[in-house]
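Trainee: Sequence and predicted structure are below.
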2 protein chains.
Amino acid sequence: MAGETMRGRMEVLATKMQETICAAAEAIEGAPFTRDPWTRPEGGGGLSCVMQDGSVFEKAGVNVSAVHGTLDREAARAMGGGREAGEETLRFFAAGLSVVVHPRNPMAPTAHCNYRYFERGDEGHPAAWWFGGGSDLTPAYLCEEDARHFHGTLKAACDGHDGAFYPRFKAWCDDYFFLPHRGERRGIGGIFFDDLHDRDPGDLFAFVEACARAFVPSYFPLVERHKEEPYTPAQKRWQALRRGRYAEFNLLYDRGTLFGLRTGGRAESILMSLPLEARWEYAHEPAGGSEEERLLHVLKTPRSWA
Amino acid sequence: MAGETMRGRMEVLATKMQETICAAAEAIEGAPFTRDPWTRPEGGGGLSCVMQDGSVFEKAGVNVSAVHGTLDREAARAMGGGREAGEETLRFFAAGLSVVVHPRNPMAPTAHCNYRYFERGDEGHPAAWWFGGGSDLTPAYLCEEDARHFHGTLKAACDGHDGAFYPRFKAWCDDYFFLPHRGERRGIGGIFFDDLHDRDPGDLFAFVEACARAFVPSYFPLVERHKEEPYTPAQKRWQALRRGRYAEFNLLYDRGTLFGLRTGGRAESILMSLPLEARWEYAHEPAGGSEEERLLHVLKTPRSWA
């Protein structure tokens, strides 16, 4: 049965978490996700769950996919794994969960999580296998209590497996979600890891499961806290500017987005992460001492939150 | 004096065209551009002229730059030129004009033009030199008269130099502004060329000058025609969706954008091309037989316009 191999276990976990996350968002929104199953002609498929233009959620995507196929050499290099040997490593498998939630209220942060299992080579005796993923928070306005709660919940999930995980993956997250041309990060971080294969796969799976289970308690209480907070049109515009930066990061730098598009992944599922609305103003600078400037400062100089 | 070398001649042309294009837009808008001169710490500088949130122009950027510096090997490969020899080819010079105009009215098309002269190696005896550029139109709604006028004006500019230019550069444009993950082009094309160095530099400069001079007559009459056309909120939303695709192309594929950001170019000037507002809806499909679908058909299957 599907649960027996690591490929199958990851698919089962991703599907279970998808249900849990959708249920949590639906309870807040009071409306269901649209469920859009799809198959990939080259192999595999998935289920994309989308909520759009809701009263609480401007756009939310919860995607599960399990795909396989054959890479060209350039895509193989881009995929990583770092342990390429023979021709068989051009065959790949990737299964996982990918979530992006953009609330309407600019006081409620955007959140993302993504947990994924990869193999190169053949099922049962892969030439390489690894886990990747993480979860990060992107507020338009900094609420320190939110940041502490989000990071604290992730840290607890990490600490249950290895006390070294959280500090390492927190720093990795700050490095990864960086826009060099802006000198700022996309958000206030969380955890990020890739190419994780340095211990028993069952132990790593348990760690990834704990992280995935932490998403709902780490994030949705923040939406509950802020979803009805009053805001001005100027604050909504600032949120749209920040969402422009979000789009910039995903389209210019995000490895999963670029790899997915390059390997003929399903564009609508990959680009589900993009916000409903984004804005670019030339050389926008927040006023000195404003809340907007306070956020930028944290994006330029990451802080410890847990 | 600056006009004597090709570097200098290109700077003079770009500056003159910037003044002409800004004057044409200012006459329509009835308001001035903001003029923002800048210098590049690694060498060179430019002048960015921006109009934002106007009554006719939602966002317009007219940028002149002349920059030089030293490339790392990866950037050197990305820059092209294709005739790399020794170490000296890591030194580069690039001067040119870059224009993007996004009108407010969804019936008025977005236009872009960019004409640029490159050198690798040292001034006076470059290891490689070439011209690149072009001009293309991105409507949210297809107006065939606009398309014929725009292409016809560019064709006339090309034909004055070589009858083979327009067909070759029209096809190149359709190839270049292609979003493979969408199976569609960014717009209805125009002309595009790169690495042009196969005849006398003075002749190529004269051709580039003719193309640059064609921008105002090719485009601004279309803005005049449509700027007060009535439109619905649904049509404005469709424009924002198309501007999402515009942002996708520029951030995922545009060589100039990626090269500029990678080599530490001035981010605000490079990303001036992005629209004021963009929108991404999951799996949006226009209704069968609609004007929106008619546009998509042309983006998927380019047509001849001149």
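Mentor: In hand now; what should we look at?
Trainee: Would you map the helices across the stretch 151-300 of chain A?
Mentor: A:165-176, A:201-226, A:233-252, A:255-262, A:267-270, A:291-300 (DSSP state H, counting those that start in this stretch).
Trainee: will you turn those helices into JSON lines that also has mean neighbour count?
Mentor: Every residue, glycine included, has its C-beta placed from N, CA and C. Shown next, in JSON lines, are those (neighbours: other Cβ atoms under 10 Å in any protein chain shown):
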{"stretch": "helix A:165-176", "mean neighbour count": "19"}
{"stretch": "helix A:201-226", "mean neighbour count": "19"}
{"stretch": "helix A:233-252", "mean neighbour count": "20"}
{"stretch": "helix A:255-262", "mean neighbour count": "18"}
{"stretch": "helix A:267-270", "mean neighbour count": "21"}
{"stretch": "helix A:291-300", "mean neighbour count": "16"}
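Trainee: Compare the mean pLDDT across those and name the weakest.
Mentor: Of all the helices of the stretch 151-300 of chain A, the minimum mean pLDDT falls on helix A:255-262 (a mean of 92).
Trainee: got the contact list for it?
Mentor: Outside helix A:255-262, the residues that touch it by Cβ atoms under 8 Å, 6 or more residues apart in numbering or on different chains are A:74-75, A:78-80, A:98, A:114, A:116, A:194, A:250-251, A:265-267, A:270-271, A:273, B:180-181, B:252.
Trainee: Only alpha carbons, please: show the lowest-mean-pLDDT helix or strand in chain A as CSV.
Mentor: Each helix and strand of chain A was given a mean pLDDT (mean pLDDT, DSSP states H and E); the minimum falls on helix A:73-79 at a mean of 79. Coordinates of the C-alpha atoms in helix A:73-79 are reproduced here as CSV (Å, rounded to 0.1, in the frame of the first residue of the first chain):
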residue,chain,number,x,y,z
ARG,A,73,21.2,17.7,-17.5
GLU,A,74,20.7,21.4,-16.8
ALA,A,75,17.5,20.7,-14.8
ALA,A,76,19.3,17.9,-13.0
ARG,A,77,21.9,20.4,-11.9
ALA,A,78,19.3,22.9,-10.9
MET,A,79,17.4,20.2,-8.9
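Trainee: Give the pairing partners of whichever helix or strand comes after that helix; include direction for each.
Mentor: Of the helices and strands lying after helix A:73-79 in sequence (DSSP states H and E), the nearest is strand A:91-103. Within its sheet, and counting by DSSP bridges, strand A:91-103 is paired with strand A:57-70 (antiparallel), strand A:110-122 (antiparallel).
Trainee: Let me have those strands in JSON lines, extended by mean pLDDT.
Mentor: Putting the strands paired with strand A:91-103 into JSON lines (pLDDT from 0 to 100) gives the following:
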{"stretch": "strand A:57-70", "mean pLDDT": "96"}
{"stretch": "strand A:110-122", "mean pLDDT": "95"}
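Trainee: could you dump those to CSV with mean neighbour count?
Mentor: Shown next, in CSV, are the strands paired with strand A:91-103 (neighbours: other Cβ under 10 Å):
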stretch, mean neighbour count
strand A:57-70, 23
strand A:110-122, 23
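Trainee: In CSV, list those strands along with distance to B:Ala214.
Mentor: CSV is the format used below for the strands paired with strand A:91-103 (distance: least, Cβ to Cβ, whole Å):
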stretch, distance to B:Ala214
strand A:57-70, 41
strand A:110-122, 43
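Trainee: between those strands, which gets nearest to B:Ala212?
Mentor: Nearest of the strands paired with strand A:91-103 to B:Ala212, taken as Cβ to Cβ: strand A:57-70 at 40.4 Å.
Trainee: Flag every residue of chain A that's near chain B.
Mentor: Contact residues (Cβ under 8 Å from any Cβ of the partner chain) of chain A with chain B: A:34, A:36, A:48, A:50, A:52, A:59, A:61, A:180-182, A:240, A:244, A:247-248, A:251-252, A:258, A:261, A:267-268, A:270-272, A:274-283.
Trainee: Report the contact partners of the spatially closest residue to A:Gly69 that is not a sequence neighbour.
Mentor: Of all residues not flanking A:Gly69 in the chain, A:Glu42 sits nearest, at 4.4 Å (Cβ to Cβ, 6 or more residues apart in numbering or on different chains). Neighbour list for A:Glu42: A:67, A:69-70, A:264 [criterion: Cβ under 8 Å, 6+ apart].
Trainee: swap in A:Met107?
Mentor: Residues in contact with A:Met107 (Cβ under 8 Å, 6+ apart) are A:140-141, A:143, A:226, A:229, A:231, A:235.
Trainee: go with 7 Å
Mentor: Applying Cβ atoms under 7 Å, 6 or more residues apart in numbering or on different chains, we find A:Met107 in contact with A:141, A:226, A:229, A:231.
Trainee: does A:Arg7 really touch A:Glu123, like I thought?
Mentor: Yes: with contact defined as Cβ atoms under 7 Å, A:Arg7 reaches A:Glu123; the gap is 6.3 Å.
Trainee: quick one: which of those two has more around it?
Mentor: A:Arg7 (21 against 13; other Cβ atoms under 10 Å in any protein chain shown).
Trainee: and the residue in the stretch 101-250 of chain A that chain B sits nearest to, backbone torsions?
Mentor: Using Cβ to the nearest Cβ, the single residue of the stretch 101-250 of chain A nearest to chain B is A:His181, 4.1 Å away. Note on A:His181: its backbone torsions stand at phi -70, psi -10 [degrees, to the nearest 10].
Trainee: Please tell me how far it sits from B:Pro126.
Mentor: Remark: distance between A:His181 and B:Pro126 (Cβ to Cβ, to the nearest Å) = 28 Å.
Trainee: A:Pro275 now?
Mentor: Using Cβ to Cβ, we find A:Pro275 at a distance of 44 Å from B:Pro126.
Trainee: cool, and A:Glu268?
Mentor: From A:Glu268 to B:Pro126 the distance is 46 Å (Cβ to Cβ).
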